[in-house]
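Colleague: What would the 3D arrangement of this be:
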Amino acid sequence: MKRKNWIVAIFAVFFLTGPLTGQATAVSEIRIGTIGPITGWATIFGQGVLNGINLALGEYNNEFKGVPIKIFSEDTKADVEVMRTKLDSLKNRDKVHLIIGPSLGHEGMAAVDWGARNPEVPMLIGYSAPEDITMRKATESVIRPGWTGAQVIFNFGQYCAKDLKYKKIIIVGQDYSYPWDQAAGFIRGFLENGGEKVERIWHPVEAVDFSSIMAKLMQMSKDYDAVLNNSGGAQVVAFFKQWKQFGLDKAYPQILGQANVPIVSMLTELGDSALGVYSSLHYYDGNPSAANQKFRESFKKKYGHYPDVIAVQGYDAVHVAFKAMKAIDGKVDDPKKFIAALRQVKMSADESPRGPFYFDKYANPVQNIYIKKVVKKDGRLMNDAVKTYKNVSRFGPYADMADKYMAAPATTRDYPPGDKASYFKEIEKYFGKDYVDKLNKNKGWLD
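Modeller: From the prediction side, this is the model:
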């Protein structure tokens with residue numbers, strides 16, 4: 001071959017494959033945007049995800065096959081309009097290849113709309129849990145390596161009815177989409193497995209004075225078995241404090257928690273008042289797996305305290321992204337291939353602190369759900385699993401009739417009905433009489 005042809009060939013190889021260092025990526029820098037509330041009342045959720053992201057990136061030395069990874073972090077301030085502007089900035093100004101976030105329910109619902117309008121930007125949802133992000137509003141570019149509010153609590157309703165033998169429960173929670181989903185999932189599991197009634201009491205998102213609600217709970221204590229606190233953050237601390245001040249700990253045998261109530265970051269605030277609280281989630285801090293122990297100790301070394309499930313979301317999102325990048329040799333500038341690879345990722349029990357999971361066709365994980373109880377070990381409060389439900393879909397017990405589930409009305413603050421007669425009449429419209437007859441015959445779901 002002539003010298004001129006050799007030069008052309010070498011130039012072509014260099015141009016197409018990069019320097020002769022084994023580098024297979026198609027970009028000189030991988031740009032990842034993160035978005036969530038890192039100031040204001042919801043800081044715990046946005047900062048927690050960001051901490052998990054940074055921990056995971058550190059495990060890869062902030063690079064992929066020698067290509068540096070640059071992070072662009074944006075604060076939503078828990079404001080949807082602010083978030084939309086920041087998403088536009090991440091796309092148009094920063095030219096990011098991937099966005100991780102957001103973290104709140106109302107943010108997630110707006111983010112999936114943004115994703116539908118901007119399908120060329122892959123998005124890994126952070127901690128945001130409304131089910132319709134990856135259900136009725138599912139869009140190809142939006143993948144959620146997390147959970148839905150209903151998914152992690154279907155079986156908790158079942159557990160409270162079948163194992164704890166409760167018949168009537170009151171749910172007190174913040175009045176927005178995520179707590180609505182938690183209430184709905186619990187109601188389905190509870191009423192379909194022997195429970196008789198769930199009463200919902202909603203309060204403003206940032207309320208911290210629950211005196212009127214406490215008085216109402218005291219009046220209702222003779223007719224109900226337990227109260228489920230369906231709030232997060234400072235509202236949980238205020239609720240537990242006033243619960244004891246008003247003597248409700250003597251009026252009810254049990255206070256239950258939604259997913260965010262007894263997470264690690266809340267336990268230090270709640271103290272021993274959290275002991276014995278049952279809840280459910282796709283992660284529990286007491287998991288003895290090697291992956292979880294490594295995650296916990298690495299996080300504590302970096303940040304000075306133990307992590308919770310919020311940090312798991314950011315941590316797992318990065319590891320999902322890296323598995324996808326490996327599958328496409330780092331060619332993140334091809335969003336169609338990147339999105340397809342993200343949706344195909346499977347995480348093993350050795351790779352995720354939560355345990356194994358994989359994505360269904362709507363890009364939501366199928367994963368283990370743990371019924372948890374707050375205990376004290378070695379002088380420290382933590383959650384232990386008292387029961388595990390394996391491979392739970394975001395459709396829960398309705399995985400084989402997902403279309404029927406989605407044909408029913410979307411969750412609202414009042415839907416589905418909370419009394420057994422009205423509830424069974426409603427589900428018969430969508431799931432059919434045979435399904436209701438089977439529930440009655442089996443006395444609920446079969447484990």
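Colleague: Would you work out how far apart the start and end of stretch 344-353 are?
Modeller: The straight-line separation of the ends of stretch 344-353 (Cα to Cα, to the nearest Å) is 19 Å.
Colleague: what comes up buried for the host helix or strand of residue 430?
Modeller: Residue 430 is part of helix 420-431, with elements assigned from DSSP states H and E. Neighbour-count burial for helix 420-431, counted by 16 or more other Cβ atoms under 10 Å, picks out 420, 423, 424, 427, 430, 431. C-beta here means a position set from N, CA and C on the backbone, and glycine is covered the same way.
Colleague: Domain map for this structure?
Modeller: 10-147+288-366, 154-286+369-442 (automatic domain parsing).
Colleague: State the number of residues packed around the residue nearest to residue 275 when sequence neighbours are not counted.
Modeller: Nearest residue to residue 275, sequence neighbours excluded (Cβ to Cβ, 6 or more residues apart in numbering): residue 374, at 5.5 Å. Other residues near residue 374 come to 23 when the count uses other Cβ atoms under 10 Å.
Colleague: returning to what we had before: so can I have TSV of the domains of the chain showing mean pLDDT?
Modeller: What follows is the domains of the chain, written out as TSV (pLDDT from 0 to 100):
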stretch	mean pLDDT
domain 10-147+288-366	92
domain 154-286+369-442	95
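Colleague: what about the helices in the stretch 151-300 of the chain?
Modeller: Secondary structure of the stretch 151-300 of the chain (DSSP state H, counting those that start in this stretch): helices located at 154-162, 177-191, 211-220, 234-245, 248-251, 264-270, 290-303.
Colleague: For residue 31, find the nearest of those helices.
Modeller: helix 290-303 (23.0 Å; Cβ to Cβ).
Colleague: Report the buried residues of the closest one.
Modeller: Quick answer for helix 290-303 (16+ other Cβ under 10 Å): 291, 292, 295, 296, 298, 299.
Colleague: just stretch 410-417 next, same as before
Modeller: 410, 411, 416, 417.
Colleague: export the residues you listed to a markdown table and tack on distance to residue 186 and secondary structure?
Modeller: Shown next, in a markdown table, are these (distance: Cβ to Cβ, whole Å; DSSP: H, G, I helix; E, B strand; the rest coil):
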| residue | distance to residue 186 | secondary structure |
| --- | --- | --- |
| 410 | 17 | coil |
| 411 | 11 | coil |
| 416 | 11 | coil |
| 417 | 13 | coil |
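Colleague: Go through the residues you listed and name the one nearest residue 112.
Modeller: Nearest member of the buried residues of stretch 410-417 to residue 112, counting by Cβ to Cβ, is residue 410, at 13.2 Å.
Colleague: residue contacts, that closest one?
Modeller: Neighbouring residues of residue 410 by Cβ atoms under 8 Å, 6 or more residues apart in numbering: 132, 136.
Colleague: Next one: it from residue 130, what distance?
Modeller: Distance from residue 410 to residue 130, counting by Cβ to Cβ, to the nearest Å: 9 Å.
Colleague: Just give the nearest non-adjacent residue to residue 52, would you?
Modeller: Sequence neighbours aside, residue 314 is the residue nearest to residue 52 in space, at 2.9 Å (criterion: Cβ to Cβ, 6+ apart).
Colleague: Next, that neighbour: secondary structure please.
Modeller: Under DSSP: H, G, I helix; E, B strand; the rest coil, residue 314 falls in the helix class.
Colleague: Please list all residues in contact with it.
Modeller: Neighbouring residues of residue 314 by Cβ under 8 Å, 6+ apart: 34, 48, 49, 50, 51, 52, 53, 54, 55, 56, 100, 126.
Colleague: Quickly note the distance from residue 370 to residue 284.
Modeller: Taking Cβ to Cβ, one finds residue 370 at 5 Å from residue 284.
Colleague: typo on my end, residue 137
Modeller: Distance of residue 137 to residue 284, computed by Cβ to Cβ: 29 Å.
Colleague: of the two, who's got more company?
Modeller: residue 284 (28 against 17).
Colleague: unless I'm mixing things up, the more buried one is touching residue 374, no?
Modeller: No: in this structure, residue 284 is not within contact of residue 374 by Cβ atoms under 8 Å, at 10.2 Å.
Colleague: what touches both of these two?
Modeller: Common contact partners of residue 284 and residue 374 (Cβ under 8 Å, 6+ apart): residue 383.
Colleague: coming back round to it: anything in contact with each of residue 410 and residue 130?
Modeller: The contact lists of residue 410 and residue 130 share no entry, where a contact means Cβ under 8 Å, 6+ apart.
Colleague: Quick check: which of the helices of the stretch 151-300 of the chain is nearest to residue 445?
Modeller: Closest to residue 445 of these is helix 154-162 (Cβ to Cβ; 6.0 Å).
Colleague: returning to what we had before: to residue 111, which of the helices of the stretch 151-300 of the chain lies closest?
Modeller: That would be helix 177-191 among the helices of the stretch 151-300 of the chain, by Cβ to Cβ, at 12.5 Å.
Colleague: Outside of stretch 45-59 itself, which residues are in contact with it?
Modeller: So stretch 45-59 is contacted by 34, 36-38, 69, 71, 73, 75-76, 100-104, 126-127, 232-233, 265, 295, 298-299, 302-303, 307-308, 310-319 (Cβ under 8 Å, 6+ apart).
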